[in-house]
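[1] This is the structure alone, sequence omitted:
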């Protein structure tokens with residue numbers, strides 16, 4: 001069971017309650033909700049917000065591929081996975097990504113959640129521009145889009 005979505009922060013909100021409702025089931029004995037939030041310091045610069053941009057179709061495709069890999073590589077068959085990432089400007093302390101997982105056993109949930117976030121960071125075409133207290137901003141180094149068919 002998989003849910004993926006890019007949330008345009010100008011039109012909608014990212015909500016932990018939506019993730020919690022999606023993964024809630026008596027089929028599973030364990031669940032984890034990971035909230036990635038904007039932190040105040042990066043590389044010794046005081047951050048006040050981040051603008052996220054993405055290639056939405058390829059991001060959703062990468063989320064789906066990562067989900068499918070968890071069955072093959074991690075051998076976790078019975079699972080619920082919820083992934084949402086924002087697009088647009090996010091202020092300090094606000095959520096930029098939610099990954100919620102539910103599995104039969106707690107060890108599976110930890111492994112699954114960690115695998116998903118690490119693979120998203122490596123492979124998904126999501127870029128971020130940090131905004132600093134001194135009113136400067138900078139696009140951070142990201143991952144290039146590979147020559148893929150959409």
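    Ah, there it is. Model, not experiment: these values are computed from the prediction.

[2] Report the residue spans of the protein with pLDDT below the cut-off.
    142-150 (pLDDT under 70).

[3] Give the residue farthest from the middle of it.
    Here the centre of the chain is the reference, and by CA atoms, centre = their mean the most remote residue is residue 134, at 28.0 Å.

[4] Helix or strand: which one has that residue?
    Residue 134 belongs to no helix or strand when assigned by DSSP states H and E.

[5] Tell me how many other residues surround the closest residue to it other than its chain neighbours.
    The shortest distance from residue 134 to any residue other than its chain neighbours is 7.7 Å, reached at residue 46 (CB to CB, 6 or more residues apart in numbering). Yep, even glycine has a C-beta here, placed from its N, CA and C like the rest. Look at residue 46: counted by other CB atoms under 10 Å, it has 12 neighbours.

[6] ok now the helix or strand containing residue 6, how far from the chain's centre?
    Taking DSSP H and E as the definition, residue 6 sits inside strand 2-8. For strand 2-8, the gap between its own C-alpha mean and the chain's C-alpha mean amounts to 9 Å (CA atoms, centre = their mean, to the nearest Å).

[7] For the residue nearest to residue 36 when sequence neighbours are not counted, list the residues it contacts.
    Sequence neighbours aside, residue 97 is the residue nearest to residue 36 in space, at 4.0 Å (criterion: CB to CB, 6+ apart). Counting by CB atoms under 8 Å, 6 or more residues apart in numbering, residue 97 touches 14, 34-36, 83-86, 117, 120.

[8] State the distance from the residue nearest to residue 134 to residue 7.
    Distance of residue 46 to residue 7, computed by CB to CB, to the nearest Å: 26 Å.

[9] I'd like the next helix or strand past the strand ranked longest in the chain.
    Secondary structure of the chain per DSSP state E: the longest strand is strand 79-91. Using DSSP H and E, the helix or strand that follows strand 79-91 towards the C-terminus is strand 95-103.
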